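A.B. asks: With the input below, show me the fold.
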Amino acid sequence: MNKSRTIKIVAVVLILAVAVLGYYYYLSNQAKKETEEAVVATAVQNILLKDWERSYPPTPKEVLKCYSEITECFYNEEYTEEELEALALKIQELYDDELIANKTQEEYMEDLRSDIAEMKDNNYTIYSYEISASTDVDYYTENGYSCARMYCTFNLKQTGSSGVTASMEQFVLRQDEDGHWKILGWELVE
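C.D. replies: Have a look, this model is predicted:
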């Protein structure tokens, strides 16, 4: 009798232990799922998290890719006024000092807001972009600076339209004293 009672107690303890471990496992997995869901960042936040002091884009093509991603955020994403200002500062980190010197920060922000409003008023978004292949980058030297010329095509889509409008732009980049490629300017290609 004593032996069967001991077996029953051991069985009950084992069942309780399995139940407690199962419940613990369930709770810990729920916490992980909630954490994973909460960590999803927007495209704007992903851009703002980039640290170009530690890992600046190494090639003209990569600089133009970062520029294009930020440009997509300007015209396609929802953001707060603080995020817009932070995005503007982030894109200016890709600009050559000479380009930045052309406007005050207030003028730059006013022009940027105006461009964004015009695109949104006309219901345009950037559908996609295409950057020149690395082999199509034209490298040259001008006034002692290493420069690069390349193209980027922004494909614009208007809400309600099935067509896509291509806007090709030619970019000129210049290497700064730290070896970073910076956007010196761009123009629309006719």
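
A.B. asks: Centroid-nearest residue for the chain?
C.D. replies: Ile47 (3.5 Å; Cα atoms, centre = their mean).

A.B. asks: Who are the packing partners of the helix or strand hosting it?
C.D. replies: Assessed by DSSP states H and E, Ile47 sits inside helix 43-48. On a contact count with 3 or more Cβ pairs under 8 Å, 6 or more residues apart in numbering; DSSP states H and E, helix 43-48 meets helix 60-76, helix 81-92. C-beta here means a position set from N, CA and C on the backbone, and glycine is covered the same way.

A.B. asks: send the alpha carbons of that helix over as PDB?
C.D. replies: C-alpha atoms of helix 43-48 as PDB (Å, rounded to 0.1, in the frame of the first residue of the first chain):
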ATOM      1  CA  ALA A  43      10.800  52.600 -43.800                       C
ATOM      2  CA  VAL A  44      11.400  56.100 -42.400                       C
ATOM      3  CA  GLN A  45      12.700  54.800 -39.000                       C
ATOM      4  CA  ASN A  46      15.000  52.300 -40.800                       C
ATOM      5  CA  ILE A  47      16.600  55.200 -42.700                       C
ATOM      6  CA  LEU A  48      16.900  57.300 -39.600                       C
END
